[in-house]
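S.K.: okay, structure incoming, though there's no sequence with it:
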Ligand SMILES: Cc1ncc(CO)c(N)n1
């Protein structure tokens, strides 16, 4: 790893093609331009509800995998934020899009949802806290970058875009700060790694990134 790069920057740089395919996915572009089909967004929102539930379990796993109180409290805060705030907001947002809580509770998981969330969990089960965070990083930090990328694109529509609230949520100070904190945690946990360990983490990060690409594609294809 080059000396002046943080672990996060390094992980991203080594899979830049996959990273771009994730951040600049057609789903994201269409969402930014306001041209995304409503059915695709609704399908994505439904699966994202199931994703967020598994994501909460992953934060629970991070509590379990922590070896000091600071990491444990950070994971606890992540879990609390999901259960006390994020999932509730998501349910409300789904409701605005015509998806009831009953509907959400009855949903089957799409293959892309199962693949991604269980991959993250396996990284945590089989590995340590850093493995888990490297698998979680593309979700947490990636969405912050997607919102920023969208805000910078000249063809992104804001005020009259039905998807603007989604962009705003991930552009919010709160979310951007959460992404920065996750980045700092990775950089702290990831200091002075032996080459073989770094190579294993590179693979994990790349796989998780490709899983995010598949998640967008699942939305576009209405795939189950
Ligand atoms: C699939 C997916 N990745 C990342 C996020 C951001 O939390 C999300 N809500 N859904």
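M.R.: Good, I have the coordinates. Because the structure is predicted, anything quoted here is derived from the model rather than measured.

S.K.: and the helices in the chain?
M.R.: Using DSSP state H, the helices of the chain run over residues 7-13, 16-23, 26-33, 38-65, 69-80, 87-96, 101-105, 111-126, 129-152, 164-171, 173-189, 195-221.

S.K.: which of those helices sits closest to the ligand?
M.R.: Among the helices of the chain, helix 129-152 comes nearest to the ligand, with 3.4 Å by C-beta to the nearest ligand atom. Any C-beta I mention is one placed from the backbone N, CA and C, and that applies to glycine too.

S.K.: output the contacting helices and strands for the closest one.
M.R.: Secondary-structure packing of helix 129-152 (3 or more C-beta pairs under 8 Å, 6 or more residues apart in numbering; DSSP states H and E): helix 7-13, helix 16-23, helix 26-33, helix 38-65, helix 111-126, helix 164-171, helix 173-189, helix 195-221.

S.K.: which residues touch the residue positioned nearest the centre of the chain?
M.R.: Centroid check for the chain by C-alpha atoms, centre = their mean gives residue 139 as the closest residue, at 1.7 Å. Neighbour list for residue 139: 55, 120, 208, 212 [criterion: C-beta atoms under 8 Å, 6 or more residues apart in numbering].

S.K.: the last one: how many residues sit nearby?
M.R.: The burial count assigned to residue 212 is 22, neighbours taken as other C-beta atoms under 10 Å.

S.K.: wait, it touches residue 116, no?
M.R.: Yes - contact status for residue 212 versus residue 116: in contact at 7.1 Å, counting by C-beta atoms under 8 Å.

S.K.: picking up where we left off before, can you tell me how far the residue nearest to the centre of the chain sits from residue 167?
M.R.: Using C-beta to C-beta, to the nearest Å, one obtains 17 Å as the distance from residue 139 to residue 167.

S.K.: setting aside sequence neighbours, what's the nearest residue to residue 33?
M.R.: Nearest non-adjacent residue to residue 33, counting by C-beta to C-beta, 6 or more residues apart in numbering: residue 155, 5.6 Å away.

S.K.: point out where this structure drops to low pLDDT.
M.R.: When residues are selected by pLDDT under 70, those of the chain lie in 1-4.

S.K.: flag every residue of it that's near the ligand.
M.R.: By C-beta under 6 Å from any ligand atom, the part of the chain that sits against the ligand consists of 48, 51, 139, 143, 212, 215.

S.K.: please redo it, this time with the cut-off set to 8 Å
M.R.: Residues of the chain lying close to the ligand (C-beta under 8 Å from any ligand atom) are 47-48, 51-52, 55, 86, 90, 116, 138-140, 142-143, 170, 212, 215.

S.K.: which of those are buried?
M.R.: 47-48, 51-52, 55, 86, 90, 116, 138-140, 142-143, 170, 212, 215 (16 or more other C-beta atoms under 10 Å).

S.K.: so who does residue 167 touch?
M.R.: Shown in contact with residue 167 (C-beta under 8 Å, 6+ apart): 31-32, 147, 150-151, 156, 158, 161.
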